[in-house]
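[1] whatever this is, show me its structure:
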Amino acid sequence: MAFRLYEENDHVAAYLQYRVTPCELIQTIMEFMAPMVRSKFNLAVDVGCGNGKGTILLAPFFNQVVGTDISPAQLKVAQSNNLCQNVSYRQCPAEDLPFESGQVDLITAMTAAHWFDHPRFLKEADRILKPNGCLALLSNTMDMELEYGDTTTALNNICEEFYAALVPFKNPYLGTSSSKIYLEMFDSCSYPEKYWNGCQKIHRNVTVNHFIGLVETFTSYQKLKHQDAAEAKRLSDDVRKKLLGAMQVSSPDTELTMVVKYFYMLARKP
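    Here you go, the predicted structure:
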């Protein structure tokens, strides 16, 4: 099963503005690849690249980087923000990639692979990877934590209320956590050299408004918004008010620390 999401212009813009780019994990991926060669790698393909914020992070390590996505709206944003001469984009499904067999050094999918047809995607990834080529699939849970002085516990209780209100609108395909989908892909990957990390925390300094905006990019929030825009706004406003009250500040532009929990699999083709 494959899904088409994040294609409406306002959702695309919000995704670009608020979603976290896992810069720290790029170095982890490159360290996993390092035994292959000492010089610059030739070709990386970032599947489900969306707005390209993750794709361009690969540019320093490869002669050529290609981001692929099925969404024209996402690719339009990626192309308009691309300043790297060795990065380009192509529209195609994740299960049918326009590359010759054995051509690619690295395939990545950053917070996208859970929407793919997994058996078909893994088969296609195996086809285009070179011997010793690497596959890196990563994503994050949707239960970010907040830290602000001695109010951390109170803030996270409010966050849990926010997330719980969105559970009825969550795509049932994802279940309780998309990490289970990635772990299933990890288990089904036949490569003998592979690695799984179930939780790596990444810290970002953001404003209260930024945190709210990030949650509003969730597909569950977007579904609520489409069904009842007034209720979605009421929920966001209520959470914002509670957070500011717990922090004892008045401005939603006040900064706090947001903790995002990533998980990932790395695998090397024999």
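
[2] would you map the strands across the stretch 1-150 of the chain?
    With strands called from DSSP state E, counting those that start in this stretch, the stretch 1-150 of the chain shows them at 41-47, 62-69, 87-91, 104-110, 129-140, 145-147.

[3] please identify the most buried of those.
    The highest mean neighbour count among these, using mean count of other Cβ atoms under 10 Å, belongs to strand 104-110: a mean of 26. (C-beta placed from N, C-alpha, C; glycine too.)

[4] need the CA coordinates for it. CSV is fine.
    In CSV, the C-alpha atoms belonging to strand 104-110 read as follows (Å, rounded to 0.1, in the frame of the first residue of the first chain):
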residue,chain,number,x,y,z
VAL,A,104,23.1,4.0,-6.5
ASP,A,105,25.5,4.3,-3.5
LEU,A,106,22.9,5.4,-1.0
ILE,A,107,19.1,5.4,-0.7
THR,A,108,17.6,7.4,2.0
ALA,A,109,13.9,8.0,3.0
MET,A,110,13.4,10.6,5.8
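
[5] residues contacting that strand, please?
    In this structure, residues lying in contact with strand 104-110 by Cβ atoms under 8 Å, 6 or more residues apart in numbering are 22, 29, 33, 36, 41-49, 54, 58, 62, 94, 116, 125, 128-130, 133-139.

[6] ok, back up a step: can I get the strands of the stretch 1-150 of the chain in TSV including distance to Lys242 and mean pLDDT?
    What follows is those, written out as TSV (distance: least, Cβ to Cβ, whole Å; pLDDT from 0 to 100):
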stretch	distance to Lys242	mean pLDDT
strand 41-47	37	97
strand 62-69	36	97
strand 87-91	40	97
strand 104-110	31	97
strand 129-140	23	96
strand 145-147	12	98
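
[7] I'd like those strands as CSV, with distance to Lys233 appended.
    As requested, the strands of the stretch 1-150 of the chain are arranged in CSV below (distance: least, Cβ to Cβ, whole Å):
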stretch, distance to Lys233
strand 41-47, 34
strand 62-69, 29
strand 87-91, 33
strand 104-110, 30
strand 129-140, 25
strand 145-147, 21
